[in-house]
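S.K.: here is my input, please return the structure:
(one chain, ligands or ions: 3)
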Amino acid sequence: MSSEPAILPRHVAIIMDGNGRWAKKRHLPREAGHVAGVAAVRETVRAAVDIGLENLTLFAFSSENWKRPKAEVGALMGLFRRYFNSDMNELVEKGCRIRIIGHRGRVAGDIHGMIEDAEKRSAGNKGLNLTFAFDYGAQEEIASAARELARAARDGRLDPETITPELFASRLFTSALPEPDLIIRTSGERRLSNFLLWQSAYAELLFLDVLWPDFGRAQLAKALETFAQRERRFGALNAEAVA
Ligand code: IPE
Ligand code: IPE
Ligand code: MG
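M.R.: Ligands and ions are numbered 1, 2, ... in the order given. All right, here's what the predicted structure looks like:
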């Protein structure tokens with residue numbers, strides 16, 4: 001372990017992958033992997049609060065995950081419901097500000113209501129910004145931002161020449177959050193699967209071979225250590241190279 005004071009990322013985003021393979025290894029149904037995945041979410045969020053992380057974004061369900069068998073989608077929706085019901089009070093009490101990024105229009109009405117309630121109840125909180133990407137797809141998010149700007153230009157409310165990356169980013173679901181500094185994907189897959197494509201421009205990517213249900217406090221701490229050792233340049237040169 002390094003004795004240097006750790007450089008904490010302001011924003012950590014996690015692609016929580018590998019629940020199905022975790023279950024398969026144990027000869028359990030995929031749903032059991034998702035149940036174990038919820039426990040990993042709980043532990044990871046508690047750890048993030050204890051560490052004093054500012055922003056944590058968790059990819060919980062992608063817009064493409066609707067393509068899965070109906071029974072699995074139903075099980076995932078049920079787990080999301082249960083998680084919100086059981087954990088929301090604790091999260092709000094711990095000062096978390098909850099946000100959900102995603103389509104919204106396609107999820108069941110009661111889930112939609114729970115999302116809005118959680119966001120409302122936690123709106124004044126100043127602790128961890130905890131964002132769930134739920135029915136989220138980055139290409140759809142980018143297209144919808146483009147649509148909104150195009151509409152404004154058509155109606156004469158916006159000069160297209162004034163469209164900058166900053167203006168564009170202000171139309172994304174993540175407009176209230178800084179860009180992720182660190183994106184972790186568990187399960188050994190090395191892809192982003194349509195997660196935060198715009199926002200990840202200069203994110204450090206960390207692909208871990210651990211399956212999501214096996215992720216928790218220790219793995220988060222290790223990931224933060226790895227991040228602290230990365231050298232970020234944002235296209236410029238570091239001080240040493242300039243000197
Ligand atoms: C991640 O685990 C959970 C969701 C995508 C909702 P998976 O269900 O994708 O697990 P694997 O990739 O099949 O192991
Ligand atoms: C990405 O995992 C989505 C979530 C973790 C919620 P997937 O399992 O859906 O990604 P692919 O299909 O392997 O790319
Ligand atoms: Mg997967």
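S.K.: neighbours of the closest residue to ligand 2 within the chain, how many?
M.R.: Relative to ligand 2, the nearest point of the chain is Ser193 (3.6 Å; Cβ to the nearest ligand atom). Backbone N, C-alpha and C define where each C-beta goes, glycine included. If you count neighbours by other Cβ atoms under 10 Å, Ser193 ends up with 15.
S.K.: and for Trp198?
M.R.: 16.
S.K.: neighbours of the spatially closest residue to Asp214 that is not a sequence neighbour, just the number please.
M.R.: The spatial neighbour of Asp214 that comes closest, neighbours along the chain excluded (Cβ to Cβ, 6 or more residues apart in numbering), is Trp22 at 6.8 Å. Close neighbours of Trp22, defined as other Cβ under 10 Å, add up to 23.
S.K.: low-confidence ranges, the protein, go.
M.R.: The chain contains residues with pLDDT under 70 at 1-5.
S.K.: same thing but 50
M.R.: 1-3 (pLDDT under 50).
S.K.: residues from it in reach of ligand 1?
M.R.: 16-21, 61, 65, 76, 187, 212 (Cβ under 6 Å from any ligand atom).
S.K.: of these, which are in range of ligand 2?
M.R.: 16-17, 61, 65.
S.K.: tell me if I am right that Ile183 is in a strand.
M.R.: Yes: per DSSP: H, G, I helix; E, B strand; the rest coil, Ile183 lies within a strand segment.
S.K.: for this protein, what spans make up the strands?
M.R.: Assigned strands in the chain, in chain order: 11-15, 55-62, 97-101, 129-136, 182-185, 204-207 (criterion: DSSP state E).
S.K.: mean neighbour count, those strands: which tops it?
M.R.: strand 11-15 (a mean of 26; mean count of other Cβ atoms under 10 Å).
S.K.: contacting residues around that one?
M.R.: 44, 48, 53-59, 177-186, 192-193, 195-196, 199-200, 203, 215, 220, 223-224 (Cβ atoms under 8 Å, 6 or more residues apart in numbering).
S.K.: what do you get for stretch 155-168?
M.R.: Contacts of stretch 155-168 (Cβ under 8 Å, 6+ apart): 145-146, 149, 152-153, 198.
S.K.: again, but for stretch 112-129
M.R.: 45, 48-49, 53-56, 81, 84-85, 88, 91-92, 94-100, 104, 107, 134, 176-177.
S.K.: repeat for stretch 176-186
M.R.: Contacts of stretch 176-186 (Cβ under 8 Å, 6+ apart): 9-18, 54-55, 57, 99, 129, 131, 191-192, 195-196, 199-208, 210-212, 215, 223-224, 227, 232.
S.K.: excluding covalently adjacent residues, which one is nearest to Phe173?
M.R.: Ile101 (3.7 Å).
S.K.: I'd say that neighbour and Gly137 touch.
M.R.: No: contact between Ile101 and Gly137 fails when scored by Cβ atoms under 8 Å: they sit 10.3 Å apart.
S.K.: starting at the chain centroid, how far to the longest helix along the chain?
M.R.: Secondary structure of the chain per DSSP state H: the longest helix is helix 70-93. Relative to its chain's centre, helix 70-93 lies at 16 Å (Cα atoms, centre = their mean, to the nearest Å).
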